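> kindly return the folded structure for what I paste below:
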Amino acid sequence: MKIFFVFSILAFGYVFALWKYGGMDKSVMAKWNGQYEYEKKALSLAKENRLLNARLSDLQYKISELESKNKFHTAQAAAPQRERSIASIPKTNAEDLVAYEIYKWTPEKLLAIGEKELHFKNYEKSAQFYNELIHRFPKHKLVSVMTGRKNIWKTWSNLIPNLNSTEEQSFGLLWPSTIRESIRSF
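Numbering: from 1, shown residues only. Below is the predicted model:
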């Protein structure tokens, strides 16, 4: 034990002498400072790396969000727009001026409104009312009188000569071909 104690004191003295007079303190401190600087730099780089990884993941999330929005908008633009409506309410056509399913017109009413619209030069509406009369009630006595060659223009003969060429063209386009042929041959 004495030997160990003596050896320990000699070793401590040798290290102290080197430390104090041999310049070992400067080299060891320089190594420690260098190592500390390396550790500090490694920690700052690790922190910067974590921040960059977080920013990268945020940007990847934004890119995926924009891609999904883009896919959604392209899919929505490609798909036809469907509007939901109440099933119990029948769908009406905006170009259907007669609306027979709603009003359930009688043949006399269809004829009267058709004549009134023809008098006010609403040719499209008039033609729709007359077409509806012809197609809904083909065997009614008013329709058989109207489509007969002799009596076709009994009620409207005074209106036709007053039409100018553009009105006649628009009037002719709205009538079925059988009625137009009957008008020309009359």
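
> this structure: helices as residue ranges?
If you assign secondary structure with DSSP state H, the helices in the chain sit at 2-21, 24-78, 100-103, 107-119, 123-136, 141-147, 165-174, 177-185.

> now do stretch 3-10: distance to the chain's middle.
Using Cα atoms, centre = their mean, to the nearest Å, the mean C-alpha position of stretch 3-10 is found 90 Å from that of the whole chain.

> buried ones in stretch 112-128?
If you call a residue buried by 16 or more other Cβ atoms under 10 Å, then stretch 112-128 has these buried ones: 113, 114, 115, 117, 118, 122, 123, 125, 126, 127, 128. C-beta: built from backbone N, CA, C; applies to glycine.

> closest one to residue 99 out of those, please.
For residue 99, the closest of the buried residues of stretch 112-128 turns out to be residue 128, at 9.8 Å, with distances computed as Cβ to Cβ.

> what about the closest one, distance to residue 122?
10 Å (Cβ to Cβ, to the nearest Å).

> how does this structure divide into domains?
Residue ranges of the domains in the chain are recorded as 2-78, 100-185, according to automatic domain parsing.

> could you dump those domains into a markdown table with mean pLDDT and distance to residue 94 added?
Compiled in a markdown table, those are given as follows (pLDDT from 0 to 100; distance: least, Cβ to Cβ, whole Å):
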| stretch | mean pLDDT | distance to residue 94 |
| --- | --- | --- |
| domain 2-78 | 87 | 24 |
| domain 100-185 | 68 | 13 |
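
> circling back to that earlier point, what's the closest of the helices of the chain to residue 89?
Proximity to residue 89 (Cβ to Cβ) singles out helix 100-103 among the helices of the chain, at 10.4 Å.

> from the contact counts, what lies against the closest one?
Under the contact criterion of 3 or more Cβ pairs under 8 Å, 6 or more residues apart in numbering; DSSP states H and E, the helices and strands touching helix 100-103 comprise an empty set.

> got the CA positions of that helix in CSV?
The C-alpha atoms that make up helix 100-103 are tabulated as CSV, following Å, rounded to 0.1, in the frame of the first residue of the first chain:
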residue,chain,number,x,y,z
TYR,A,100,-99.2,22.1,-69.7
GLU,A,101,-98.3,19.8,-66.8
ILE,A,102,-98.9,22.7,-64.3
TYR,A,103,-102.0,24.4,-65.7
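
> one step back: point out the most buried one among the helices of the chain.
The highest mean neighbour count among these, using mean count of other Cβ atoms under 10 Å, belongs to helix 123-136: a mean of 20.
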